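# sequence first, then the predicted structure, then my questions.
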Amino acid sequence: MSFSGFDDVPQWEVPMPATGDIVTTAIKKEKLIKEITAAQEDLRALLAKMKNVQADVDKLASDNETLQMYIDNLTMQLAKRRGQQ
């Protein structure tokens with residue numbers, strides 16, 4: 001029993017790409033790797049900058065708390081002075 005068209009092509013053979021395709025694929029992969037590496041470096045730089053900004057924000061928040069305590073103390077002192085007069 002023979003089926004037309006099925007006996008002509010081996011079913012489990014992996015087609016080999018042409019040599020030009022291998023070179024083109026390798027060049028594309030290398031370009032993509034370079035782009036990914038550059039993006040990673042950009043992300044590292046952004047992360048470092050973000051950490052510096054976060055440290056500045058934390059310091060400013062602490063300074064704001066100190067100033068708020070100072071303002072609260074002055075307000076209480078003024079209220080006491082007005083109450084004594």
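Yep, it's here. Quick caveat, the model's predicted, so the values are computed rather than measured.

# OK, contacts around the spatially most central residue of the chain?
With distances taken as C-alpha atoms, centre = their mean, the chain has residue 43 as the residue nearest its mean C-alpha position (5.2 Å). Taking C-beta atoms under 8 Å, 6 or more residues apart in numbering as the criterion, residue 43 is in contact with no other residue. In this view, the C-beta of every residue, glycine as well, is placed from N, C-alpha and C.

# do the same with residue 45
Neighbours of residue 45 in contact, by C-beta under 8 Å, 6+ apart: none.

# do residue 48 as well
For residue 48, no residue counts as a contact, taking C-beta under 8 Å, 6+ apart as the criterion.

# please identify the helix or strand for it.
When secondary structure is defined by DSSP states H and E, residue 48 falls within helix 19-84.

# returning to what we had before: quick check: the gap between the residue nearest to the centre of the chain and residue 72.
Between residue 43 and residue 72 the distance is 43 Å, computed by C-beta to C-beta, to the nearest Å.

# burial check on residue 65, number of neighbours?
For residue 65, the number of neighbouring residues by other C-beta atoms under 10 Å comes to 10.

# ok, it to residue 75 distance?
Distance from residue 65 to residue 75, counting by C-beta to C-beta: 16 Å.

# show the pLDDT at residue 28.
The predicted structure scores residue 28 at 94 on the pLDDT scale.

# equivalent analysis for residue 1, please.
Here the pLDDT value assigned to residue 1 is 51.

# one more: residue 18?
Confidence per residue is given as pLDDT, and for residue 18 that number is 66.

# same question, residue 5
In this prediction, residue 5 carries a pLDDT score of 57.

# now residue 84
Reported pLDDT for residue 84: 80.

# so where's this structure shaky on pLDDT?
1-20 (pLDDT under 70).

# circling back to that earlier point, and the helix holding residue 48, how far out from the chain middle?
12 Å (C-alpha atoms, centre = their mean, to the nearest Å).

# and if you look at stretch 76-85?
Centroid separation between stretch 76-85 and its chain, computed with C-alpha atoms, centre = their mean, is 54 Å.
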